[in-house]
Each structure stands twice: as C-alpha cells, then as structure tokens.
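Student: What would the 3D arrangement of this be:
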Amino acid sequence: MEIPRQAHGAMSMVFAMLVATAAVDAQMDACGADLRAFLPSPFSSSRLHCAPVWNNFILRYLHYYILQHWQNQDNIISIILSATYTSGWVGIGFSNDGKMVASSAMIGWIDNHGRAYIKQYYLGGQTSSGVKVDQGNLLTTDTPPAVVLYGDNIYLAFQVNFSVQLAQPNIILASSAITPNTFHLAEHDDKTTLSFDFSSGDPVSTYYPYQLKRNHGALAMFGWGILLPLGAIVARYLRHKDPLWYYLHVLLQFLGYIIGLAGVVAGTALYNWIHSNFTMHRGLGISVLALGSLQVIAFFLHPNPDSKTRKYWNRYHHWSGRLCLFLAAVNVALGIEIGGANMSWKVIYGAFISVILITVTFLEIMLWNRLAKASTPGFQMPTCSFES
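Tutor: Presented below is the predicted three-dimensional model:
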C-alpha cells in the first residue's frame, strides 16, 4: 500500500524530532552516562558512585566502603566533577571550616585554543594575589588528572590521597565564565559550600548560605549605613527648606529603619544556620536595632514644640541618634571585614563614607558661616532620627 506524501512528511518530522531529542540527551550529563567513551581508567569505572550536588554539578567518586566503590588503605579516592560548560573555569575545593580562604582546590578549564588544563590552587586570600597556582594541601597520586570537554559538559577527573579516612568534608563548588589568563583565576560567578558523606554515599547534607549572608550585608549596609546618614544630613543642612526637609528626613529614616530591620532578620536567620561566634558584631547589631527602635517610638511620642519637655526630648533624640549612626557605621565596616566580603564591598562602602565626610565638612563650613553672619546661636548635630 502506498503511503501518502503527508504521512511521509509527518514520519520524517517525528524521526527528526527523535534524533534531535537523542542528540540533546547525549549532550546532557547524568549519573547513568557511560564515561568510558571519553575518560581514561580509573575515572571511567562502572563502579563509580554518583550524585547531583548543586545546580548542574555532578560528583562521582570511587570508595571502598561500598561494594561498587573503591578506596585502598592509603585513602585514595578517584573524584570526577562534571558541570555544564561554555567558557571560564570550574573548580572543587576542600576546606576544614567551610570557608574559601585557606582551602585547596582543583580547577579545570579549556582555553581559547581548545587546550585543557587542570591545576591545584591554594586559596590563601580573597584577592588574586592570594590564590597560588600549583600549591595546596591536596596530595595527588601518580595517576595523571584529566580534563575533558564532552558535549556541553566539562569533566574534571583526579585522584587524592587523604591522610585519614574521609567522612564528611566541606566541599566548595565554584565556577566563572572568564577563562584564566596565564593561570590567574578570575573571581567566581557563583559558589556554594556543602558537606558530602563519602563514607556512606549520601548526597549533599548541608549548604553554606552564601546568598543569605549577602542579603544580610546588603540590607544592613543600605539601611543602617547609607539611608540613615542621608536622613540625618537632610535634617541638619536643609532646615531652610521647610517643610521639605522634614518629610525627606522622616521618609529616609523610616526607609532606613525598615530595610535595616530586614537586614537584622536576615542576620538572625544566618546566625541560627551557621552559629557564628562574632559576638561583637552581633552585640553592635542589637544595640543599633534598639536605638533605632527607640527613635521610632520617640517619633510617635514627641511633645509639641511649645511643651516644657520638648528640650529634653530634643536632647535625647539627637544624642541617641548620633550614637546610633556611629555604632551602625562601625558595625557595617566590621561586618564587611569578618564576613570575608570581596574588594567591591569595601570599595563601595569606603567610597560612600568618604563622600559623606567630604560633603558634611563642606556643608558644615557653609552652615557656620551662615550662622556667624546671622548671629544665630546654637545648632543641631546630625542624628539617626525620625524628627528634629
């Protein structure tokens, strides 16, 4: 029986779709993928244990505790890390405390000429000068490491000889879209820390909350460290723009308090997650929150301008505000330092503080000159306040 042309066309389309789907599947990595087609022994063993660990990262390894895994008495483990790859570098690090600094990592990439590289790095600091190539604490074996680009995925394969039997080490996974230049690594685009149980084969058990830490820092810096000082400057130097100064002052202070409060909530969640021991940072944060909250209460309880208690309210309002601003600035700087923030955070906040100091100095001189000419005694200092 003759098949109609329309049927031929439909069958051809279905066949093409099936072929395209198979081709796409062939490009995607999965735990069931056959590594023997592109990885040398022992990294292509069918006894590899496999687990998706983070985003498109897949971790394979051989360990002796489970029948299909292998590890000898020297605690040698074969590790294969794969991830979707277009450019840049992919890496896996081992850390004692879950932090990047003082960890050792294996980094792999394909350069612009198609040459594959895998190097051990010692991550001695946040800056590029602290990242040392061909250094680190990982003891590799005589088995040569391998880097292979297969389909859309890059595969980093290497062996490590651990001094003790490995249980649940802290593993750092990271990647960057920028290809290393003369073995100098660009800053990662994304990273995470997790604990992986090599002895039982259990997958990821714990993530380090990097995003939560960034949210805490960004909210606290913007709320307590930027908006509140701006509101205080408005209250001191724009008094001649009545009532505009008042509405701007209240708006900035309320926004700063709300955003800063969100930063405190994020910080509390971060503390409950990692149980950090930064008692000074935590204590200063509680003090800033308490002073800011008292200013909110004072705003709703302020007496009338002609009240006899108004001058006492003003003193409390101004001096507690000054203390709030000072402690907030100190705590933001302290948080940037102990949080291991990269240089961009320090540059941004340092530039803001510098601009504020220069601006306040200039405005203060202008204010003194204006007061001297008008022979007007007294003036008010900037405050972390909601009304002046």
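Student: any chance you could map the helices in the stretch 201-350 of the chain?
Tutor: Chain-ordered helices for the stretch 201-350 of the chain, with DSSP state H, counting those that start in this stretch as the definition, fall at 210-222, 228-237, 244-274, 279-301, 310-338, 343-374.
Student: ok, now the stretch 1-150 of the chain?
Tutor: Remark: helices assigned in the stretch 1-150 of the chain by DSSP H, counting those that start in this stretch are 5-27.
Student: still on that earlier bit, can you say which of the helices of the stretch 201-350 of the chain is packed in most?
Tutor: The highest mean neighbour count among the helices of the stretch 201-350 of the chain belongs to helix 228-237 (a mean of 23), with neighbours defined as mean count of other C-beta atoms under 10 Å. To be clear about C-beta, it is placed using only N, CA and C from the backbone, and glycine gets the same treatment.
Student: now the angle from that one to helix 310-338?
Tutor: In terms of direction (axes from the mean of the first three to the mean of the last three C-alpha atoms, to 10 degrees), helix 228-237 departs from helix 310-338 by 150 degrees.
Student: Dump the helices of the stretch 201-350 of the chain to a markdown table, plus distance to Leu194.
Tutor: Formatted as a markdown table, the entries for those read as follows, by distance: least, C-beta to C-beta, whole Å:
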| stretch | distance to Leu194 |
| --- | --- |
| helix 210-222 | 11 |
| helix 228-237 | 37 |
| helix 244-274 | 13 |
| helix 279-301 | 25 |
| helix 310-338 | 22 |
| helix 343-374 | 24 |
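Student: Make CSV from those helices and add mean pLDDT and distance to Ser129 to it.
Tutor: Conversion of those to CSV gives the following (pLDDT from 0 to 100; distance: least, C-beta to C-beta, whole Å):
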stretch, mean pLDDT, distance to Ser129
helix 210-222, 89, 23
helix 228-237, 90, 33
helix 244-274, 91, 28
helix 279-301, 91, 27
helix 310-338, 89, 18
helix 343-374, 86, 11
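Student: The nearest residue to Val148 once chain neighbours are set aside is in what secondary structure piece?
Tutor: Excluding the flanking residues, the one nearest Val148 by C-beta to C-beta, 6 or more residues apart in numbering is Tyr155, at 4.6 Å. Tyr155 belongs to strand 153-161 when assigned by DSSP states H and E.
Student: got it, and Ser195?
Tutor: When elements are defined using DSSP H and E, Ser195 is found to belong to strand 190-196.
Student: For Leu327, give me its contacts.
Tutor: With contacts taken as C-beta atoms under 8 Å, 6 or more residues apart in numbering, Leu327 has the following neighbours: Leu284, Ser287, Val288, Leu291.
Student: any idea how far Leu212 is from the third one?
Tutor: Pointing back at Val288 there. When C-beta to C-beta, to the nearest Å is the yardstick, Val288 and Leu212 sit 20 Å from each other.
Student: How about the second one?
Tutor: When C-beta to C-beta is applied, the distance between Ser287 and Leu212 equals 22 Å.
Student: Include distance to Ser44 when you put the contacts of Leu327 into CSV, please.
Tutor: Shown next, in CSV, are the contacts of Leu327 (distance: C-beta to C-beta, whole Å):
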residue, distance to Ser44
Leu284, 54
Ser287, 59
Val288, 57
Leu291, 62
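Student: what two of the residues you listed are the furthest from one another?
Tutor: Across those, the two members that end up farthest from each other (C-beta to C-beta) are Leu284 and Leu291, 10.6 Å apart.
Student: And the strand holding Tyr155, what's buried?
Tutor: Buried residues in strand 153-161, defined by neighbour count with 16 or more other C-beta atoms under 10 Å: Asn153, Ile154, Tyr155, Leu156, Ala157, Phe158, Gln159, Val160.
Student: List the contacts of the next helix-or-strand element following it.
Tutor: Tracing the chain past strand 153-161, the next element assigned as helix or strand by DSSP H and E is strand 170-176. With contact meaning C-beta under 8 Å, 6+ apart, strand 170-176 is reached by 53-54, 57, 59, 81, 83, 88-98, 100, 103, 105, 185-196.
Student: give me that answer again for 7 Å
Tutor: Residues external to strand 170-176 that are found in contact with it (C-beta atoms under 7 Å, 6 or more residues apart in numbering): 53-54, 57, 83, 88-98, 100, 103, 105, 186-196.
Student: Neighbour count says what about the residues you listed? Which are buried?
Tutor: Of the members of the contacts of strand 170-176, the ones counted as buried by neighbours, 16+ other C-beta under 10 Å, are 53-54, 57, 83, 88-95, 98, 100, 103, 105, 188, 191-196.
Student: re earlier: check contacts around the residue nearest to Val148.
Tutor: Residues in contact with Tyr155, defined by C-beta under 7 Å, 6+ apart, are Leu39, Ile80, Ser82, Val147, Val148.
Student: between those, which is closest to Phe222?
Tutor: Nearest to Phe222 among the contacts of Tyr155: Ser82, at 38.2 Å, using C-beta to C-beta.
Student: can you count the residues close to the closest one?
Tutor: Ser82 sits with 26 neighbouring residues when counted by other C-beta atoms under 10 Å.
Student: Could you give the bridge partners of it?
Tutor: As for beta bridges, Ser82 partners with Ile58, Tyr155 under DSSP bridges.
Student: Could you report the distance from it to Trp54?
Tutor: The span separating Ser82 from Trp54 equals 12 Å under the rule C-beta to C-beta.
Student: got it, and Leu252?
Tutor: Where Trp54 is concerned, Leu252 sits at a distance of 40 Å (C-beta to C-beta).
Student: in the stretch 51-200 of the chain, which ranges drop under the pLDDT threshold?
Tutor: Per-residue confidence for the stretch 51-200 of the chain (pLDDT under 70) gives these ranges: 63-74, 163-168, 199-200.
Student: Go again with 80.
Tutor: Within the stretch 51-200 of the chain, the stretches falling below the threshold (pLDDT under 80) are 63-75, 97-99, 125-129, 162-169, 195-200.
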